[in-house]
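> no sequence on hand, only this structure:
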């Protein structure tokens, strides 16, 4: 039941590989579309008090569902358009996608023949430049520490108008802190974050505490704006709420009574109504169902502005972002031309290096333990020899020639004993 919740990209990829190799049956409830494609041979959709079955993972499910809607000739125009747009992206997506659609090419082409590209990056970038100017964020030589941990170590990064960037990294690497730094909610330990004069940013946090629990849903929308223009059409607060899946009587539900997914949708709606030109989204897909995810991605496709997304949802990152950067846990921020796959390759290489170092250290540790045992035996013998020499000195106290010989032997034994003790201390301290 939602096994990918709270896992990072690396963890999700490992889990998918493990489940694919595992023998036995698997039944999984998930809204992670990449995970569906990676591990599932069939998909069940629970809808309208029934269960509909499809062969294949998410990509095949989208095609089959679009065909079913088309054949049934239902009045679901908006949903059908969303599905067709989703198909267009799946069909024309990046060649490096690891989850190739497994459906009949002819059927897909017939459904998406008249659907344009999901978004025109050149056109959106041009619009964003007119709204934002040349500079959005300039992160200059920034170091950020939390307690004893260094999350960012002398990082320099430029974000321009129309950039659509996905940020990935292991849990705890500092992704949320980086977003909060851009939002102006945190200050760097050293360095500078320069924000463009025309920047009007909205920050979607992982929490939903900023929602007014004392208001009803429609009132919470109207609190921000009563009308807004989306896709060139002016919509009322009621229509806006419907656009985000809140219909009829549900609009009068107290915000405090909404489910986690509903609160997340309302949070996104209120965020977009402010009409920002920069969106900072921290795990925006948390608690959202697949239809809402498709609607969100459709909305972001036509949104002209700078977009920064922190997410472990590979599908979303490939769908709405044009570039990817990663926090690798060493304080650096690395550009990844190869996207999530390059990140996973880097992490695997780093993991192999760490394993080799551990094996080497393990070997060193074994050798060190042997040396400690040898030194302890040597020290035991030296202590005995030293005690014997003291006894002999006492016995020959009046024989100056013999005392001189014994003193020379004692100095040599003491020097050897002190050297062995020093070596023993060094090894036992490590």
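Cool, the structure landed. Just so it is clear, the structure is predicted and the values come from calculations on it, not from any experiment.
> can you classify the nearest residue to residue 138 once chain neighbours are set aside as helix, strand or coil?
Ranked by C-beta to C-beta, 6 or more residues apart in numbering and with sequence neighbours excluded, the top spatial neighbour of residue 138 is residue 194, at 4.1 Å. Yep, even glycine has a C-beta here, placed from its N, CA and C like the rest. Under DSSP: H, G, I helix; E, B strand; the rest coil, the three-state class of residue 194 is strand.
> contact partners for residue 194?
Counting by C-beta atoms under 8 Å, 6 or more residues apart in numbering, residue 194 touches 135, 137-140.
> same question, residue 323
Residue 323 neighbours (C-beta under 8 Å, 6+ apart): 163-166, 335-337.
> lowest-scoring secondary structure element of this structure by mean pLDDT?
The least trusted helix or strand in the chain, going by mean pLDDT, DSSP states H and E, turns out to be helix 105-112, with a mean of 54.
> let me see the mean pLDDT of the longest helix seen in the chain.
Ordering each helix of the chain by length in residues (DSSP state H) puts helix 339-395 first. Averaging pLDDT along helix 339-395 gives 78.
> helices of the stretch 1-150 of the chain, residue ranges please.
Using DSSP state H, counting those that start in this stretch, the helices assigned to the stretch 1-150 of the chain run over residues 9-21, 33-39, 58-72, 77-92, 105-112, 121-132.
> lowest-confidence stretch among the ones you listed?
Across these, helix 105-112 gives the lowest mean pLDDT, at a mean of 54.
> quick one on the thing from earlier: which one of the contacts of residue 194 is nearest to residue 247?
residue 137 (38.0 Å; C-beta to C-beta).
> quick check: the closest one vs residue 308, distance?
9 Å (C-beta to C-beta, to the nearest Å).
> which residues are common contacts for those two?
Residues touching both residue 137 and residue 308 (C-beta under 8 Å, 6+ apart): 159, 182.
> I figured residue 146 hits residue 177, correct?
Yes. Applying C-beta atoms under 8 Å as the test, residue 146 and residue 177 come out as touching, 6.9 Å apart.
> give me the more crowded residue out of the two.
When neighbours are counted by other C-beta atoms under 10 Å, residue 146 and residue 177 differ, and residue 177 comes out ahead with 17 against 13.
> give me the secondary structure label for the closest residue to that one other than its chain neighbours.
Nearest residue to residue 177, sequence neighbours excluded (C-beta to C-beta, 6+ apart): residue 151, at 5.5 Å. Following three-state DSSP, the label given to residue 151 is strand.
> ok, back up a step: filter the contacts of residue 323 down to the buried ones.
The neighbour count (16 or more other C-beta atoms under 10 Å) marks 163-166, 336 as buried among those.
> domains of the protein?
As assigned by automatic domain parsing, the chain contains the domains 9-112, 120-200+276-291+306-337, 359-429.
> for residue 268, which of those domains is the nearest?
Closest approach to residue 268 among the domains of the chain (C-beta to C-beta): domain 120-200+276-291+306-337, 6.8 Å.
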